[in-house]
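Trainee: Sequence and predicted structure, then a few things I'm wondering about:
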Amino acid sequence: MAKKRVHEIAKEKGISSKEVLAILQKAGLDVKAAASSVDEADVARAFGNGAAAAESPAPPQERPAAADGEKAPQGQPARGERPARARPTRGGRVGEQSPGGGGRRRRVVIDSQAARRDRPPPPPQQPPRRGRGRRRRPRWVEPDLEAEAAAREAAKEQEEPATEIQSGATVKEVAESLGLGAPEVIKKLMELGEMATLTQTLSDEAIQVLADALDKKIEIVHAADEVEEEPEYEDTDEELEDRPPVITIMGHVDHGKTSLLDAIRETEVASGEAGGITQHIGAYQVRHDGHIITFLDTPGHEAFTAMRARGARATDIAVIVVAADDGVMPQTVEAIDHAKAAGVPIMVAVNKIDKEGSDPNRVRGELAQQELTPADWGGDTEFVDVSAKTKQNLDELLETLVTLAEIQELKANPNAEASGVVIESRLDPGRGPVVTLLIQRGRMKVGDALFAGEHAGRARAMHDFRGERVKQATPGMPVEVLGFDGVPEAGEHFRVVSNEREARRLAGERANRLKTEALARRAGVRVSLEDVMARAQEGTVELPLILKADVAGSLEALADEIAKLPQERVTVNVIHDGVGGINESDVMLASASGAVIIGFNVRPVGNANQVAQQEGVEIRTYSVIYKVIEDLRDAMEGMLEPEEVEETIATVEVRATFKASRVGTIAGCYVVEGTVRRGARTRLVRDGTVVYDGRIASLRRFKDDVREVTAGLECGIVLENFADIKEGDGLEVYDTRKVEQTLA
């Protein structure tokens, strides 16, 4: 019996020598190394493939020769088994002679089952085909699309959720979030061409590329995307109390929103607004038949989109004010969209019905196209026709608001920790940061520690909308709070916590998040020398600005409007913005950077004016936002270089040429269009090609020198330093002038 070594067997089987050794040892063979020899029969037995039986040849058996016309037997019956009844054949009738039998006849028995008993069972076979060898097609069954969609959704739910990574995370934080070692992450970054240390901040793009390279599913979370969830309380019905509804007044500019609110409150707020338009959110409360209603007055100017969106999110009912003589305007549609996005009930107040030309029915028709069908037309939107000037139907308006509020059953727990939203914030020169808060739940008291965004503090004093001091504030009540360490962004959520240390910790975490995100954004912006050269060649001009405003909302709106200005050729760079008066630090920063200071509803404080005069810094103050945008656009256009424009003033046809000894070649011309002037610039065009570009040296009509020749007349022209004039040439007389460029 032949032998083989273990490594030869492994090579034949396509597996490793260790696996072959394990199989042979499991079969009871004493093999220890890859060079050990094993019988082939033992190998076949160990691997169980029946090779042993195939390798050992069976002794040949003598088969009787078949006689003429007889068939050989297919097999012999097994030993000890009764032979089956033979099936007679044609040759079997005569008999079969055995070789050397001497004419002795013997009987041949055919056992058709013997071969099957000696062989292993055959593998399962397909059923025989029917009908002339053709396979019948299976019946088509319509797929269940809903079941397949449900299966795909279930598979998606079973997938691992994406790992959340904060924007501006360091290499160490990314490694911890992905569950990997920091060296592995640094090695992968090096393979991607990014050299980073353990504490280096990565940009969002770098984090995404790294995750793709590591085959990880991630989701980058920004601080602005995280909305702080309101704490959930299991309040019983006895603990819940009715709270005043929060009504937001929205609509187009100059449609009478503030005047309507003045008429309800019997005050004169609109007369104190610059330009007669509201430029910040005002919060007020009104009593009507024992019910308290909180009103939020939002700006209608197109620049204050963010303020309208905040007002819609913080409200219970949105009142869309539309002027009866003006109809639906762009900001009206935008206010409707904000209210629908916030999912709050909408009520329409048709104002200025006392003016001539007012048509409330036309307003109803226009709003019906915006899916606000009046209730008296079979819809579900309440409409009230009012007049802020004559105070007509104001009681009906308030009654409708109270009814809508009662339908909603607005309740809150006044004994929970206070929380709500920042309506507005500003920096007062005498009192410091002044923040207007709207309490949405809980009870807030003087001395409570609270935080909003990246700012924290303790409520040192609280004032209501009339400016009177209050010791506590209940749900639905707007209050001004003193005691923050900075000016929080309008729209931020605030929350009262147990102590000031906890408030500062939470605010610090938020500030750190915003700082790292800013670093990540700066890390993602790479400026090369080629970019600087390209900007210089394109002639891109930069206008640096410093923005200061009275409240955070106005500052935000001003920055948004500046960002909308076309900046392809003149780039506006806001190097600093803030809330409060213009101080000496702002002036020195403007002097160092060559910036212009824009003040919105603020004035220079202290010695800022004197320092600005000494340093040559320009300070511009405004009280209406669209005046700022107009002046900035004019300034940007003034920074552009005048553009040289060419204007064709005449078209001349050369009909003949004359030679003069002293003058040269004189072209006899006919003025087809325009007016030809002596000394004007002209081009000589021959067969579509410009041959000469110069000036007209001499212009004559008959024998007289003339200054100009108008269309339809003939003249003689001599070109300056050019005599190759031919009949059929054309002259284009043109003039160039510089035109001030305008922004798109």
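Mentor: All right, it came through fine. Residues are numbered from 1 along each chain as shown.

Trainee: Could you list the low-confidence segments of the stretch 601-744 of the chain?
Mentor: Residue ranges of the stretch 601-744 of the chain with pLDDT under 70: 639-641, 741-744.

Trainee: Sorry, slip of the keys, the one I care about is the stretch 251-400 of the chain.
Mentor: Ranges of the stretch 251-400 of the chain meeting pLDDT under 70: 267-282, 298-313.

Trainee: any chance you could map the helices in it?
Mentor: Applying DSSP state H, counting those that start in this stretch to the stretch 251-400 of the chain gives helices spanning 257-265, 305-313, 330-342, 360-368, 394-408.

Trainee: Packing partners of the third one?
Mentor: Applying 3 or more Cβ pairs under 8 Å, 6 or more residues apart in numbering; DSSP states H and E, one finds that helix 330-342 contacts strand 246-251, helix 305-313, strand 317-323, strand 346-351. Every residue, glycine included, has its C-beta placed from N, CA and C.

Trainee: still on that earlier bit, distance to D586 and mean neighbour count added to the helices of the stretch 251-400 of the chain, as TSV?
Mentor: Shown next, in TSV, are the helices of the stretch 251-400 of the chain (distance: least, Cβ to Cβ, whole Å; neighbours: other Cβ atoms under 10 Å):
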stretch	distance to D586	mean neighbour count
helix 257-265	31	23
helix 305-313	24	22
helix 330-342	32	19
helix 360-368	46	18
helix 394-408	44	16
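
Trainee: For D704, which of these is the nearest?
Mentor: helix 330-342 (64.0 Å; Cβ to Cβ).

Trainee: separation between V446 and P488?
Mentor: To P488, V446 is 19 Å away according to Cβ to Cβ, to the nearest Å.

Trainee: Tell me which of these two has more neighbours.
Mentor: Using other Cβ atoms under 10 Å as the criterion, V446 and P488 rank with P488 on top: 24 against 17.

Trainee: what's near enough to touch that one?
Mentor: Going by Cβ atoms under 8 Å, 6 or more residues apart in numbering, P488 touches V422, S425, V435, A452, G453, E454, H455, F494, A552.

Trainee: what about 6 Å?
Mentor: Counting by Cβ atoms under 6 Å, 6 or more residues apart in numbering, P488 touches V422, S425, A452, G453, H455.

Trainee: before we move on, back to that, any chance of TSV for the helices of the stretch 251-400 of the chain, columns distance to R677?
Mentor: Converted to TSV, the helices of the stretch 251-400 of the chain look like this (distance: least, Cβ to Cβ, whole Å):
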stretch	distance to R677
helix 257-265	60
helix 305-313	54
helix 330-342	50
helix 360-368	57
helix 394-408	71
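
Trainee: quick one: V496 and D448 touch, right?
Mentor: Yes. Counting by Cβ atoms under 6 Å, D448 is a contact partner of V496 at 4.8 Å.

Trainee: quick one on the thing from earlier: ok, and the most crowded of the contacts of P488?
Mentor: Neighbour counts for the contacts of P488, by other Cβ under 10 Å, peak at A452, which reaches 30 neighbours.

Trainee: residues contacting that one?
Mentor: By Cβ under 6 Å, 6+ apart, the neighbours of A452 are V422, P488, E492, F494.

Trainee: Model confidence for the second one, exactly?
Mentor: Looking at P488, its pLDDT stands at 86.

Trainee: where does it land in three-state SS?
Mentor: coil (DSSP: H, G, I helix; E, B strand; the rest coil).

Trainee: who does the closest residue to it other than its chain neighbours bridge with?
Mentor: Counting by Cβ to Cβ, 6 or more residues apart in numbering, P488 lies nearest to A452, which is 4.1 Å off, once chain neighbours are set aside. Taking DSSP bridges as the rule, A452 bridges to H455, F494.

Trainee: And the pLDDT at A452?
Mentor: For A452, the model assigns a pLDDT of 89.

Trainee: What are the buried residues along the strand with the most length in the chain?
Mentor: Counting residues, the longest strand in the chain under DSSP state E turns out to be strand 643-660. Counting neighbours by 16 or more other Cβ atoms under 10 Å, one finds that the buried residues in strand 643-660 are I649, A650, T651, V652, E653, V654, T657.

Trainee: rewinding a little: V496 and D448: which is more packed in?
Mentor: Neighbours were counted for V496 and for D448 using other Cβ under 10 Å; D448 has more, 24 against 20.

Trainee: Quick check: phi and psi on the more buried one?
Mentor: D448 adopts backbone torsions of phi -70, psi 140, taken as degrees, to the nearest 10.

Trainee: where's the dip in pLDDT among the contacts of A452?
Mentor: E492 (82).

Trainee: returning to that earlier point: and the contacts of A452, which two are the farthest apart?
Mentor: Taking Cβ to Cβ as the measure, the contacts of A452 span a maximum distance of 7.4 Å, between P488 and F494.

Trainee: Common neighbours of the two, please.
Mentor: Common neighbours of P488 and F494 (criterion: Cβ under 6 Å, 6+ apart): V422, A452.

Trainee: Compile the contacts of P488 into a markdown table and extend it with columns for distance to A559.
Mentor: Output for those, formatted as a markdown table (distance: Cβ to Cβ, whole Å):
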| residue | distance to A559 |
| --- | --- |
| V422 | 18 |
| S425 | 15 |
| A452 | 20 |
| G453 | 17 |
| H455 | 19 |
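
Trainee: surely T571 meets P544?
Mentor: No. Applying Cβ under 6 Å as the test, T571 and P544 come out as separate, 9.4 Å apart.

Trainee: How many neighbouring residues does R466 have?
Mentor: Residues near R466, counting by other Cβ under 10 Å, number 9.

Trainee: the strands in the stretch 501-650 of the chain, which residues?
Mentor: For the stretch 501-650 of the chain, the strands defined by DSSP state E, counting those that start in this stretch occupy 541-549, 570-579, 596-600, 619-622, 643-660.

Trainee: Out of those strands, which is closest to E468?
Mentor: strand 570-579 (24.5 Å).

Trainee: What mean pLDDT does the closest one get?
Mentor: pLDDT averaged over strand 570-579 gives 83.

Trainee: Could I get the buried residue list for stretch 452-467?
Mentor: A452, G453, E454, H455, A456, G457, R458, A459, A461, M462, D464, F465.

Trainee: Contact partners for the third one?
Mentor: For E454, the contacting residues are A507, R510, A511, by Cβ under 6 Å, 6+ apart.

Trainee: Between the two ends of stretch 350-361, how far is it?
Mentor: With Cα to Cα, to the nearest Å as the measure, the first residue of stretch 350-361 is 10 Å from its last.
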